[in-house]
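Visitor: Quick check, what structure comes out for this input:
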Amino acid sequence: MSTRQDLFLLLRDFSDGKISVGQLKSRLESLLNQGLREALTAAQRKKFQDFYTWYADMYDERLRPHSGWIGRIKDIWAQTMRGEYRVPLTDVQKKAKELSELLQENPENPGRF
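Guide: You can find the predicted model right below:
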């Protein structure tokens, strides 16, 4: 099995709620150590980097976003002044799904790894 296919299966398990964000991050690091970046196309690498840096790595279950427009102001203030990024779990799941869909697109053989 390729690291690209491993990533696809990992993202699918995460989207299905079978694993937590912590498990996802741990396994992503393992795949990176196995040479994941080299197995991805340029577009996939860019999408993966965005997902890993701004969603999976920034997510902290203790820092959930506040609701409402005042909550949004509080979140922006905390991000600007304290470096606290409040990423909702639903955003992490959405980006994981987008990345897994991109991984399925294979220019040589669509729908196959």
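Visitor: drop to CA atoms for contacts and neighbour counts, all remaining ones
Guide: Noted.
Visitor: any idea how far the nearest residue to residue 93 once chain neighbours are set aside is from residue 32?
Guide: Nearest non-adjacent residue to residue 93, counting by Cα to Cα, 6 or more residues apart in numbering: residue 15, 5.6 Å away. Relative to residue 32, residue 15 is positioned 20 Å away (Cα to Cα, to the nearest Å).
Visitor: Residue 58 now?
Guide: Taking Cα to Cα, one finds residue 58 at 17 Å from residue 32.
Visitor: sorry, back to before: any idea how many residues pack against the residue nearest to residue 93?
Guide: Using other Cα atoms under 10 Å, residue 15 has 19 neighbouring residues.
Visitor: gap between it and residue 101?
Guide: Counting by Cα to Cα, the gap from residue 15 to residue 101 is 12 Å.
Visitor: Over to residue 51?
Guide: 13 Å.
Visitor: higher neighbour count, those two?
Guide: residue 51 (21 against 14).
Visitor: picking that back up, residue 58 and residue 32: which is more packed in?
Guide: residue 58 (17 against 13).
Visitor: which SSE is the residue of the chain positioned farthest from its centre in?
Guide: Relative to the centre of the chain, the most outlying C-alpha is that of residue 70, 27.2 Å out, by Cα atoms, centre = their mean. Element membership for residue 70 (DSSP states H and E) is helix 68-82.
Visitor: could you dump that helix to CSV, C-alpha only?
Guide: Below are the C-alpha coordinates for helix 68-82, written out as CSV (Å, rounded to 0.1, in the frame of the first residue of the first chain):
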residue,chain,number,x,y,z
GLY,A,68,-22.2,34.9,17.8
TRP,A,69,-20.6,38.1,16.5
ILE,A,70,-19.2,39.0,19.9
GLY,A,71,-17.7,35.6,20.1
ARG,A,72,-16.1,36.2,16.7
ILE,A,73,-14.6,39.4,18.0
LYS,A,74,-13.3,37.6,21.1
ASP,A,75,-11.8,34.9,18.8
ILE,A,76,-10.1,37.5,16.6
TRP,A,77,-8.7,39.3,19.7
ALA,A,78,-7.4,36.0,21.2
GLN,A,79,-5.8,35.1,17.8
THR,A,80,-4.2,38.5,17.4
MET,A,81,-3.1,39.1,21.0
ARG,A,82,-2.4,35.6,22.3
